[in-house]
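Student: Below are the sequence and a predicted model for it; my questions follow.
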Amino acid sequence: GAGVSQSPSNKVTEKGKDVELRCDPISGHTALYWYRQSLGQGLEFLIYFQGNSAPDKSGLPSDRFSAERTGGSVSTLTIQRTQQEDSAVYLCASSRRTELFFGPGTRLTVL
Amino acid sequence: DAKTTQPPSMDCAEGRAANLPCNHSTISGNEYVYWYRQIHSQGPQYIIHGLKNNETNEMASLIITEDRKSSTLILPHATLRDTAVYYCIVRPDIIQGAQKLVFGQGTRLTINP
């Protein structure tokens, strides 16, 4: 079937606004991961879900960041009161067991 | 925290074998060695993984030393499309529960014509 999809592909917002990023994992994949990658930097882990629960939220940079997953499928990453340092590519990945499949990412630009 | 050490960059001529080293001297007995790569402006792509035996698939070969403290990813006939950042990661087997992948800085491999 289809791979991991993310929407929007690009998002430009003003400082202080809230944004929602969506991830549709591969059907049947129980684990879902969020990462972000700032320009020229490596991948930074944010959070992962096993089913609808999030055993590891250690990478969320502040309480402005939250994520949820419903029905063991779609996940939404919400950033409140965006700051310029939030500008990055946000990547979602899903897996059933071993291999992580990454989506194309959402490029977030905070002006 | 990444538990691996890789050279920041490497070059290889097109058509030659690219050998990418990785040190993981603190690897635990239940941790696998994974390799991913990230081509510019794309999400990372799984390449291969192994525990202690050498592994081969259609993309690459993975050679793990007997003491498991280091490994080498081999791209047997590199092409220009293999230009990417290659990440070596250690991680427990997924059957123990979903485990995050911790990416280090990786090796930027450039394939030259």
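Tutor: Nice, thanks for sending it over.
Student: Determine how far the last residue of stretch B:19-29 lies from the first.
Tutor: Using Cα to Cα, to the nearest Å, the end-to-end distance of stretch B:19-29 comes out at 24 Å.
Student: what's the average pLDDT for the helix or strand harbouring A:Glu20?
Tutor: Using DSSP states H and E, A:Glu20 falls within strand A:19-24. For strand A:19-24, the mean per-residue pLDDT is 97.
Student: Tell me the helices and strands packed up against that strand.
Tutor: On a contact count with 3 or more Cβ pairs under 8 Å, 6 or more residues apart in numbering or on different chains; DSSP states H and E, strand A:19-24 meets strand A:5-7, strand A:10-13, strand A:75-79, strand A:88-95, strand A:106-110. Heads up, the C-betas are built off the backbone N, CA and C, glycines and all.
Student: okay, these, which one's buried deepest?
Tutor: Comparing these by mean neighbour count (mean count of other Cβ atoms under 10 Å in any protein chain shown), strand A:88-95 ranks first with a mean of 23.
Student: Give me the contact list for it.
Tutor: With Cβ atoms under 8 Å, 6 or more residues apart in numbering or on different chains as the test, strand A:88-95 has contacts from A:4, A:6, A:21, A:23, A:25-26, A:29-39, A:43, A:46, A:75, A:77, A:100-103, A:105-108, B:43-44, B:94, B:98.
Student: Show me how to select, in ChimeraX, the buried members of the residues you listed.
Tutor: Buried subset of the contacts of strand A:88-95, written as a ChimeraX selection, criterion 16 or more other Cβ atoms under 10 Å in any protein chain shown:
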select /A:4,6,21,23,25,26,29,30,31,32,33,34,35,36,37,43,46,75,77,100,101,102,103,105,106,107,108 /B:43,44,94,98
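Student: Which single residue of chain A approaches chain B most closely?
Tutor: Of all residues in chain A, A:Phe102 sits closest to chain B, at 3.0 Å by Cβ to the nearest Cβ.
Student: For the residue nearest to that residue when sequence neighbours are not counted, identify the helix or strand it belongs to.
Tutor: Closest residue to A:Phe102 apart from its sequence neighbours, by Cβ to Cβ, 6 or more residues apart in numbering or on different chains: B:Gly43 at 3.0 Å. Using DSSP H and E, B:Gly43 sits in no helix or strand.
Student: ok so, going back, touching, the residue of chain A closest to chain B and A:Gln6? I think so.
Tutor: No: judged on Cβ atoms under 8 Å, A:Phe102 makes no contact with A:Gln6 at a distance of 9.3 Å.
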